[in-house]
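>>> Kindly generate the corresponding structure for this input.
(2 chains)
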Amino acid sequence: ELKVEQNPLFLSMQEGKNYTIYCNYSTTSDRLYWYRQDPGKSLESLFVLLSNGAVKQEGRLMASLDTKARLSTLHITAAVHDLSATYFCAVDRITQGGSEKLVFGKGTKLTVNP
Amino acid sequence: EAQVTQNPRYLITVTGKKLTVTCSQNMNHEYMSWYRQDPGLGLRQIYYSMNVEVTDKGDVPEGYKVSRKEKRNFPLILESPSPNQTSLYFCASSLSGFGVNEQFFGPGTRLTVL
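The predicted structure follows:
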């Protein structure tokens, strides 16, 4: 059974600081997704990581994937208040029928303080 | 505008009263899915559909039914709701259930069962 673990689950940081959110998963997968959720809102896709060593950057966020270590990281550079949200990673799981299903981590609630 | 819509957005009901939450997408996506989101548990998949007339159970299907008679619609049916189905529900769609496909999420339906 595929398990996806994120840590930390809660992160409070000051503006201007850097930090990293970790996403570990338990079985082989080559595809990992990062989503952002603002309070009371839906999920917004941030990154799609498709292969070992993949790195993607958007503004102050950078995501990477190490499939051998079964680890993805979401690095925040010089945080600003607008980045406050809950961040989810999700990993593909192949079903017996061959289709793909997403398994989500529990999310990391990020609060950026002035 | 490409989007996934859900109705209703908020619903308060009583135990045992059948209800349907509708989901519609206008992107001609083959794959559609329902998730529930509960505090501390992240998102868990309820049911998914690979295409018209093809549905399968996710991780938490008990107490739910779905149907996929048309490509654009994927309603979630609670035949006899119970308080433990109080949750935030999201519908999502993607181009295909095979290969690399980013999922697009609807705005969510907050359901309270008294």
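
>>> State whether B:G40 is indeed within a strand.
No: counting by DSSP: H, G, I helix; E, B strand; the rest coil, B:G40 is not part of a strand but coil.

>>> Could I get the phi/psi values of it?
Here is the backbone geometry of B:G40 (degrees, to the nearest 10): phi 80, psi 0.

>>> What distance do you get for it to B:T86?
Noted for B:G40: a distance of 14 Å to B:T86, by C-beta to C-beta, to the nearest Å. In this view, the C-beta of every residue, glycine as well, is placed from N, C-alpha and C.

>>> So for these two, which sits in the more crowded spot?
B:T86 (16 against 7; other C-beta atoms under 10 Å in any protein chain shown).

>>> Let me see the contact set for the more buried one.
B:L111, B:T112, B:V113 (C-beta atoms under 8 Å, 6 or more residues apart in numbering or on different chains).

>>> Please report phi then psi for it.
Main-chain dihedrals, B:T86, degrees, to the nearest 10: phi -60, psi 120.

>>> gap between the lowest-mean-pLDDT helix or strand in chain A and the chain center?
Ranked by mean pLDDT, DSSP states H and E, the weakest helix or strand in chain A is strand A:100-104, scoring a mean of 81. The chain centre lies 13 Å from the centre of strand A:100-104; the measure is C-alpha atoms, centre = their mean, to the nearest Å.

>>> Tell me the neighbouring strands of that strand, and mark each as parallel or antiparallel.
strand A:85-94 (antiparallel) (DSSP bridges).

>>> what pLDDT, on average, does the partner strand get?
Averaging pLDDT along strand A:85-94 gives 89.

>>> got a list of contacts for that strand?
A:2, A:4, A:6, A:21, A:23, A:25, A:27, A:29-39, A:43, A:46, A:72, A:74, A:100-105, A:107-110, B:42-43.

>>> Which residue, neighbours along the chain excluded, lies closest to the most centrally placed residue in chain B?
Geometric centre of chain B, nearest residue: B:W34, 2.8 Å, by C-alpha atoms, centre = their mean. Using C-beta to C-beta, 6 or more residues apart in numbering or on different chains and skipping residues adjacent in sequence, the residue nearest B:W34 is B:I46, 4.3 Å away.
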